[in-house]
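Novice: my questions concern the predicted model and sequence given below.
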Amino acid sequence: MTLSHDVAGNGPTVVLLHSTACDRRMWDPQLPVLVDAGYRVVRADLRGFGDSPMPDRPWNNAQDVVDLLDELGVADAALVAASGGGRVALEIAARWPDRVTALALLCTALSGHEPSAELRAFGEREDALLEAGDVAGATELNVQTWLGPHADEATREKVRRMQRHAFEVQLAAVEEFPPIRVETDLSAITAPSLLVSGGHDLADFRQIAARLSEQLADARLLELPWAGHLPSVERPDEVNPVLVDFLRETKR
């Protein structure tokens with residue numbers, strides 16, 4: 001199955017990978033800016049999000065993205081990814097290092113991270129709400145958890161729509177198939193990396209960013225004191241120049 005996606009612009013390829021609270025629409029504010037900066041932008045919905053259906057067999061997100069790049073004839077690309085999309089980007093960069101020219105990770109998740117009590121409590125509360133059939137309540141929990149205090153109501157409503165849609169797609173699945181887990185070695189990553197964290201995000205993700213900034217071979221760390229977990233959605237006018245500058249500095 002080909003992931004639902006769109007392509008815009010010309011130039012070196014930048015791939016946008018969304019948070020698992022959102023879908024590819026989260027990158028609406030970045031798309032025209034990156035196209036105007038001279039990039040070919042590919043953004044995709046991972047399985048079970050946006051317009052991509054749930055998988056009908058065992059699956060792997062990183063392989064799905066690489067298969068999409070092969071279909072589009074993309075030999076290498078910069079990856080810009082948020083939260084759960086960052087976990088996918090890290091796997092791609094570790095398994096196919098020659099295909100990744102740069103990594104910009106916004107409040108990224110990390111495979112193998114041991115969740116804090118706060119993050120575990122969030123997951124347990126979300127599960128309880130969904131099991132009770134309270135999709136609206138689970139959606140609102142995500143909006144309250146992942147957006148910082150400075151996000152306006154229009155931003156909250158956008159995330160609310162994306163998260164609600166993801167729940168509806170996932171809960172409608174007749175059968176669930178397990179993801180294929182692949183052990184990866186982060187020391188194999190050669191791409192220069194930008195790790196962005198939010199001052200109002202859960203501590204887990206600030207810790208992951210700090211850890212990766214020391215672990216990856218060529219990495220820098222940037223904390224945005226105003227941001228929650230989704231800074232590119234909360235204040236795109238502040239995040240977009242950071243992304244464009246980083247991509248220009250790391251352009252092959």
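Specialist: Now that the structure is in, tell me what you want to look at. Numbering: from 1, shown residues only.
Novice: now stretch 154-170: average pLDDT?
Specialist: For stretch 154-170, the mean per-residue pLDDT is 97.
Novice: all strands of the stretch 1-150 of the chain, in order?
Specialist: Here the stretch 1-150 of the chain has its strands, by DSSP state E, counting those that start in this stretch, at 5-8, 13-17, 40-44, 77-82, 100-106.
Novice: closest one to F205 among those?
Specialist: Distance to F205, taken as CB to CB, is lowest for strand 100-106 among these, at 9.4 Å. C-beta coordinates here come from the backbone N, C-alpha and C atoms, glycine included.
Novice: hmm, back to that, mind putting the strands of the stretch 1-150 of the chain into JSON lines with mean neighbour count?
Specialist: Formatted as JSON lines, the strands of the stretch 1-150 of the chain follow (neighbours: other CB atoms under 10 Å):
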{"stretch": "strand 5-8", "mean neighbour count": "15"}
{"stretch": "strand 13-17", "mean neighbour count": "26"}
{"stretch": "strand 40-44", "mean neighbour count": "24"}
{"stretch": "strand 77-82", "mean neighbour count": "26"}
{"stretch": "strand 100-106", "mean neighbour count": "26"}
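Novice: rebuild those strands as JSON lines, extending it with distance to D245 and mean pLDDT.
Specialist: Putting the strands of the stretch 1-150 of the chain into JSON lines (distance: least, CB to CB, whole Å; pLDDT from 0 to 100) gives the following:
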{"stretch": "strand 5-8", "distance to D245": "20", "mean pLDDT": "98"}
{"stretch": "strand 13-17", "distance to D245": "13", "mean pLDDT": "98"}
{"stretch": "strand 40-44", "distance to D245": "16", "mean pLDDT": "98"}
{"stretch": "strand 77-82", "distance to D245": "13", "mean pLDDT": "98"}
{"stretch": "strand 100-106", "distance to D245": "10", "mean pLDDT": "98"}
